[in-house]
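here are the coordinates; sequence isn't available:
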């Protein structure tokens, strides 16, 4: 067991698992991940807002009705996966914990709380043990950016990291994915389209991430999350990080262009060697065929694809490397990582 | 006149101007720019490949037939704007120069030749005077990236520049723009689409720039152009630059996320002040409304839009700034800059 405050594991048959936000883009993937990874579930409770009541999802061939999330929803629940926004997490995660569940929360509500582990299982699984009922699932762009850097950081500590993202619609939810498609269809047909979900027209357009910009720093909330969470997950409060977060008209996989500076000199060959076979990472670095990570290939795939590994020529000291990666925002960026945390928690 | 080898200017009525590659995405915009900017044209000759013969373009209400580019095409031509690829430039630019024309070449054929000026008129117009018949128009991503940096560089020299691009289809020509739309339409209708112009599926996808990657450095040709051309245009052979060039599913405007380090400390307020009113630059930096440069707004616009100006928090010395810009690839990235070079040449 993870910690004294964690609930007891279920019988061999499995755990009573709740998914909060089950009808959302991430929630649906959580249910799929639980099934595909053969997670030990004895009972699955699908929770969402009142307006989703009446909908059903299929899990292992069984048709499960969506229930409204209420204070009574968590009785008997051992593992609660939350992905319904910060407000719902703040309201119901304490309820679930009091009911005896371990909460794995995909919102940003508790990520930076000192007593809440923020976990990417390939990086800091040992943090799971110090939970007091809630384990936070990191921001999608943070996970996809830093997972491929961890094997490098362990060997040759990264001192500075700058990155620019190419983020998909899915990070803003299923409605944003629908809006991208509807807006694009309208654009191709020469029709007007009034955007409702995202703050800017999305068809064949790119825009700075839609989260609020801090007037004091000029960074938006998404960038601040990436920077703070990278430091917390790596356990390196002094890591110097700067992020630029941008939305591109892609459905469900994020890309990131990264440059990092290590303590000691480093070569692309060393990075390739460190990443070969690294958990959660797949090298896709075919210079001859100009074949590198793309959303098209990352979508639906568990691994983060990594390529364009090269010496950063703007650092003549040989301490800096640039690379490009792509990962499924809904899987490793959200649902898969949450289910992997639950798997690690079970065996911790 | 620009130099001893330049041809004589035409009479007050204007110049005999040829556009080579007139039916291409850039060529069409060159003709439009000549008209919209009221360029002094006495006669316009529209040249293209044999398969475009029979097509016509309208210039100032006059219907002009496309002619095949041959060794005889340049008789009497005073200004020849080339945008038909490096091969055509290498073959016919010398012919045009021998016929007495000044060649303004949008291809990469001569850009790095020591005796060929590489010009962004807002940055280095004085270079025009040293031409020996050919003036090169820079790479689109280079122009859009560095134009907003010039007012900063003059005041507080930039030592290091790293950038990641979000490049539109138009840089690969009209056929690539068509392919993006066709592929996207097919994707939305659930149909297969076999890409023919670009090496990867483009619908709702992002991919590393399609130019060849140098196995020795890991940089692709587009990135190498941006890096070399930035140094040449700024006249700073020691400038440390690194670029990551990426295609996004956008039709005709490029975006760039830039971070630069100056010789002396610098603040976002200083950058904003230096860029306010700078020629060719338009600030679009509305933190409160989350309104920053977007392809949607840059398309069809002459100026490079600049926003997200902020202190790079990964450089605690206060020497580094990050910003985001967008520019029309076909206009300031190509046709407009070429016509502006011609305007500067006339008055030089």
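That came through fine. Quantities reported herein were computed from a predicted structural model and do not represent experimental measurements.

mind checking the SS state of residue A:44?
Following DSSP: H, G, I helix; E, B strand; the rest coil, residue A:44 is assigned to strand.

and the one 3 residues further on, by the same measure?
Under the three-state scheme (three-state DSSP), the conformation of residue A:47 reads as strand.

in space, what's closest to residue A:231 - neighbours in sequence excluded?
Computed as Cβ to Cβ, 6 or more residues apart in numbering or on different chains, the closest residue to residue A:231 that is not its neighbour in sequence is residue A:239, at 4.9 Å. Every residue, glycine included, has its C-beta placed from N, CA and C.

that neighbour touches residue A:161, doesn't it?
Yes. If you go by Cβ atoms under 8 Å, residue A:239 and residue A:161 touch, sitting 6.8 Å apart.

what touches both of these two?
residue A:230 (Cβ atoms under 8 Å, 6 or more residues apart in numbering or on different chains).

which of the two has more neighbours?
Using other Cβ atoms under 10 Å in any protein chain shown as the criterion, residue A:239 and residue A:161 rank with residue A:161 on top: 24 against 20.

go ahead and confirm that one touches residue A:262.
No. If you go by Cβ under 8 Å, residue A:161 and residue A:262 don't touch, sitting 10.2 Å apart.

in chain A, which spans are helices?
A:25-36, A:86-98, A:140-146, A:150-155, A:174-188, A:221-234, A:268-275, A:295-298, A:336-347 (DSSP state H).

okay, those, which one's buried deepest?
Mean neighbour count (mean count of other Cβ atoms under 10 Å in any protein chain shown) peaks for helix A:140-146 among these, with a mean of 28.

show the contacting residues for the residue in the stretch 51-200 of chain A positioned nearest to chain B.
For the stretch 51-200 of chain A and chain B, the shortest gap (Cβ to the nearest Cβ) falls at residue A:164, measuring 4.0 Å. Shown in contact with residue A:164 (Cβ under 8 Å, 6+ apart): A:243, A:244, A:246, A:256, A:257, B:164, B:244, B:257.

next one, pLDDT for it please.
Note on residue A:164: pLDDT of 98.

what does the stretch 1-150 of chain A have sitting close to chain B?
When proximity is defined by Cβ under 8 Å from any Cβ of the partner chain, the stretch 1-150 of chain A lies next to chain B nowhere.

point out where the stretch 1-150 of chain A drops to low pLDDT.
A:1-12 (pLDDT under 70).

show me where it has strands.
Ranges of strands in the stretch 1-150 of chain A, per DSSP state E, counting those that start in this stretch, are A:15-20, A:41-48, A:56-59, A:62-65, A:67-68, A:79-82, A:102-105, A:134-136.

buried ones in the longest one, by neighbour count?
Within strand A:41-48, the residues that qualify as buried by neighbour count (16 or more other Cβ atoms under 10 Å in any protein chain shown) are A:41, A:44, A:45, A:46, A:47, A:48.

closest approach to chain B from the stretch 151-300 of chain A, which residue is it?
residue A:218 (2.7 Å).

wait, that residue touches residue B:310, no?
Yes. Residue A:218 lies in contact with residue B:310 (Cβ under 8 Å); the separation is 2.7 Å.

overlap in contacts of those two?
residue B:268.

of the contacts of residue A:164, just say which sits nearest to residue B:184.
residue A:246 (19.5 Å; Cβ to Cβ).

if we can go back for a sec, which one of the strands of the stretch 1-150 of chain A has the most crowded surroundings?
The most buried one of the strands of the stretch 1-150 of chain A (mean count of other Cβ under 10 Å) is strand A:79-82, showing a mean of 30.

just checking, what packs against that strand?
strand A:15-20, helix A:86-98, strand A:102-105, helix A:336-347 (3 or more Cβ pairs under 8 Å, 6 or more residues apart in numbering or on different chains; DSSP states H and E).

go with 10 Å
In terms of contacts (3 or more Cβ pairs under 10 Å, 6 or more residues apart in numbering or on different chains; DSSP states H and E), strand A:79-82 is packed against strand A:15-20, helix A:25-36, strand A:41-48, helix A:86-98, strand A:102-105, strand A:134-136, helix A:336-347.

as CSV, those with distance to residue B:98 would be great.
Formatted as CSV, these follow (distance: least, Cβ to Cβ, whole Å):
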stretch, distance to residue B:98
strand A:15-20, 74
helix A:25-36, 63
strand A:41-48, 75
helix A:86-98, 70
strand A:102-105, 72
strand A:134-136, 70
helix A:336-347, 64
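
looking at the ones you listed, which is closest to residue B:206?
Here helix A:25-36 is closest among these (Cβ to Cβ), at 19.2 Å.

I'd like the helices of chain A written out as JSON lines, with distance to residue B:339 added.
Formatted as JSON lines, those follow (distance: least, Cβ to Cβ, whole Å):
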{"stretch": "helix A:25-36", "distance to residue B:339": "47"}
{"stretch": "helix A:86-98", "distance to residue B:339": "51"}
{"stretch": "helix A:140-146", "distance to residue B:339": "40"}
{"stretch": "helix A:150-155", "distance to residue B:339": "47"}
{"stretch": "helix A:174-188", "distance to residue B:339": "29"}
{"stretch": "helix A:221-234", "distance to residue B:339": "38"}
{"stretch": "helix A:268-275", "distance to residue B:339": "41"}
{"stretch": "helix A:295-298", "distance to residue B:339": "37"}
{"stretch": "helix A:336-347", "distance to residue B:339": "52"}
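
looking at these, which is closest to residue A:126?
It is, among those and with distance given as Cβ to Cβ, helix A:336-347, at 9.5 Å.

kindly state the beta-bridge partners for the closest residue to residue A:58 other than its chain neighbours.
Nearest residue to residue A:58 in three dimensions, chain neighbours excluded: residue A:64, at 7.4 Å (Cβ to Cβ, 6+ apart). Beta bridges link residue A:64 to residue A:57 when assigned by DSSP bridges.

quick check: residue A:64 touching residue A:46?
Yes. Taking Cβ atoms under 10 Å as the definition, residue A:64 is a contact partner of residue A:46 at 5.2 Å.

cheers, nothing more for now.
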